[in-house]
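> let me see the structure of the following:
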Amino acid sequence: MTTPLPRREIGRSGLHASLFSLGSWHTYDRMDFADAVELLRQATDRGVNLFDVGVYSAPGAPPVFTDVIFSAMVRAAGLRRDEWLLSSKLWLEAFGDEGFRPQLENALMRVGVEHADLVILGDLRRDDLDLRDLVLDLARLADAGLIRAWGVNNWSASSIQRLLDLAAAEGVPGPQIAQLKYSVARRSIPDGEPFARLWEQGLTLQASDCLEGGVLAGNVKGDRQIGRDPGDIRERIIADVPAFTALAESLDTTPAQLGIAFTLTHPALTTTLFGASRVAQLHANLDAADLVDRIGADELRRLVEPFWADRGVVDPEGP
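Take a look at the predicted model:
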């Protein structure tokens with residue numbers, strides 16, 4: 001029998017997430033519904049309990065329904081609400097006089113639940129926001145029972161420190177987790193000294209984009225939507241794929257498993273986020289944990305050192 005995934009605390013929130021978490025990024029609306037339900041059943045059977053389900057759309061853009069489909073998947077799979085954690089995205093572009101509540105209530109309605117266990121604030125691209133307003137608004141949402149904990153996505157270490165300081169001054173909970181790009185290629189920010197100081201204060205890491213949108217797994221055709229490219233290093237990453245694949249083969253594993261396993265070596269990691277559209281892909285990704293046990297964290301980090309593409313290119317203090 002396969003060993004269930006271990007669980008780790010999200011910051012100091014008291015919430016415990018599975019070592020791997022499953023993302024919804026434009027995934028379920030591309031799948032056969034029965035296949036998606038089976039994927040969800042298999043994930044929860046293996047111990048996955050954290051699901052990142054955002055409203056990934058914007059005014060004027062075509063409508064998307066991945067989150068709505070996820071709500072139907074949960075019902076079809078027969079999951080009880082206390083069996084899983086919802087991580088929802090909140091977008092700063094929509095933060096106004098009414099705070100986050102309108103968009104959160106819309107997101108919860110689309111997923112068909114009463115609260116989010118975790119909310120992740122999107123990228124900080126606005127310079128007109130008072131961070132104190134954000135901290136206090138999130139505290140009100142927690143007091144109303146709409147959220148249990150919160151974190152941020154790709155914020156700089158200095159901005160997160162500001163949030164922590166403001167929360168402490170106000171006597172309310174601060175951010176518990178940082179969702180950051182983290183892979184064998186993009187390491188400078190999570191591994192840098194500015195974030196090391198945050199990890200010491202109890203903030204934890206959710207590793208995301210660990211396969212560079214599939215590039216590190218060998219999908220280099222560029223025919224799918226993937227995340228932004230800090231430091232303009234994607235061409236370097238693509239060029240490294242053959243050597244990275246050869247290393248994986250020498251270790252009797254796949255490039256995807258090697259890339260995912262690397263993220264598990266970070267000392268502040270709570271969970272690694274990935275997307276999967278096939279049951280076989282899901283199980284292969286989850287089995288990456290075995291690779292760390294087999295090779296050892298220190299040795300694995302040494303072996304993938306040559307593929308660190310953003311070293312000296314991306315400022316560890318940067319966004």
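> what packs against whichever strand or helix holds residue 198?
Assessed by DSSP states H and E, residue 198 sits inside helix 193-200. Where contact means 3 or more C-beta pairs under 8 Å, 6 or more residues apart in numbering; DSSP states H and E, helix 193-200 is packed against helix 157-170, strand 177-181. All C-beta atoms are positioned from the backbone trio N, CA, C, and that covers glycine.
> which residues touch that helix?
Taking C-beta atoms under 8 Å, 6 or more residues apart in numbering as the criterion, the residues outside helix 193-200 that touch it are 156-158, 160-161, 164, 178, 180, 189, 205, 267-268, 316-317.
> buried ones among those residues?
The neighbour-count criterion (16 or more other C-beta atoms under 10 Å) marks 156-157, 160-161, 164, 178, 180, 189, 205, 268, 316 among the contacts of helix 193-200 as buried.
> now those as a markdown table including distance to residue 8 and pLDDT?
Converted to a markdown table, the buried ones among the contacts of helix 193-200 look like this (distance: C-beta to C-beta, whole Å; pLDDT from 0 to 100):
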| residue | distance to residue 8 | pLDDT |
| --- | --- | --- |
| 156 | 24 | 96 |
| 157 | 21 | 97 |
| 160 | 19 | 98 |
| 161 | 22 | 98 |
| 164 | 20 | 98 |
| 178 | 14 | 98 |
| 180 | 16 | 97 |
| 189 | 20 | 96 |
| 205 | 10 | 98 |
| 268 | 10 | 98 |
| 316 | 24 | 90 |
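> which one of these is nearest to residue 302?
residue 268 (19.5 Å; C-beta to C-beta).
> separation between the closest one and residue 204?
For residue 268, the distance to residue 204 under the criterion C-beta to C-beta, to the nearest Å works out to 5 Å.
> repeat for residue 119
In this structure, residue 119 and residue 204 are separated by 15 Å, where distance is defined by C-beta to C-beta.
> one more: residue 193?
With distances taken as C-beta to C-beta, residue 193 is found 17 Å from residue 204.
> of these two, which one has the most company?
Legend: neighbour count by other C-beta atoms under 10 Å for residue 193 and residue 204, higher for residue 204 (24 against 9).
> surely that one meets residue 11?
Yes - under the criterion of C-beta atoms under 8 Å, residue 204 makes contact with residue 11 at 5.1 Å.
> what sits in contact with each of the two?
In the contact map built from C-beta under 8 Å, 6+ apart, the residues linked to both residue 204 and residue 11 are 176-177, 270.
> let's have the residues you listed in JSON lines, adding pLDDT and distance to residue 128.
Supplementary listing: the shared contacts of residue 204 and residue 11 in JSON lines, determined by pLDDT from 0 to 100; distance: C-beta to C-beta, whole Å:
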{"residue": "176", "pLDDT": "98", "distance to residue 128": "26"}
{"residue": "177", "pLDDT": "98", "distance to residue 128": "25"}
{"residue": "270", "pLDDT": "98", "distance to residue 128": "31"}
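> now render those residues as a markdown table, adding distance to residue 90 and neighbour count.
Formatted as a markdown table, the shared contacts of residue 204 and residue 11 follow (distance: C-beta to C-beta, whole Å; neighbours: other C-beta atoms under 10 Å):
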| residue | distance to residue 90 | neighbour count |
| --- | --- | --- |
| 176 | 14 | 22 |
| 177 | 14 | 26 |
| 270 | 19 | 27 |
